[in-house]
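Engineer: Build me a structure from this.
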Amino acid sequence: MSEEQKKALQQQLWNIADTLRGKMHADEFRDYILGFIFYKYLSEKMLIRANRLLKTEDVKDYTKIDENSSKGKEMLQHIKSNTVLDIGYFLKPSELFSYLAKK
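Structural biologist: The predicted model follows:
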């Protein structure tokens with residue numbers, strides 16, 4: 001990517017941020033955006049870890065677990081006990097960033 005292209009991209013991103021924040025002060029907007037970026041990072045890390053644990057199960061995609069079924073609850077409990085020890089937190093499939101973004 002040339003220097004000119006980088007500058008054009010930077011300007012375009014800045015224009016998008018200005019449009020998104022509207023009349024909100026830039027510092028306040030930054031706090032919201034950084035929170036969302038961190039939440040997205042945590043969600044993706046949780047999804048990767050959970051899918052690794054599901055490699056030997058019937059359901060191989062964490063987002064496809066039925067949170068209300070007894071088998072789903074059992075799987076979530078197993079995943080929770082492992083992920084809390086491994087990465088220090090747990091998010092159900094319905095609490096992941098991707099799920100909330102779809103809504």
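Engineer: Report pLDDT for residue 45.
Structural biologist: On the pLDDT scale, residue 45 is placed at 97.
Engineer: and it, what is it in contact with?
Structural biologist: When contacts are counted by CB atoms under 8 Å, 6 or more residues apart in numbering, residue 45 touches residue 87. From N, CA and C alone the C-beta is placed, and that goes for glycine too.
Engineer: Give me the distance between it and residue 87.
Structural biologist: Remark: distance between residue 45 and residue 87 (CB to CB, to the nearest Å) = 6 Å.
Engineer: ok, residue 44 touching residue 87?
Structural biologist: No. In this structure, residue 44 is not within contact of residue 87 by CB atoms under 8 Å, at 11.4 Å.
Engineer: what sits up against the lowest-mean-pLDDT helix or strand in the chain?
Structural biologist: Ranked by mean pLDDT, DSSP states H and E, the weakest helix or strand in the chain is helix 3-21, scoring a mean of 82. Residues from elsewhere that reach helix 3-21, judged by CB under 8 Å, 6+ apart: 1, 29, 33.
Engineer: quick one, helices of this protein?
Structural biologist: For the chain, applying DSSP state H gives helices covering 3-21, 26-53, 70-86, 97-102.
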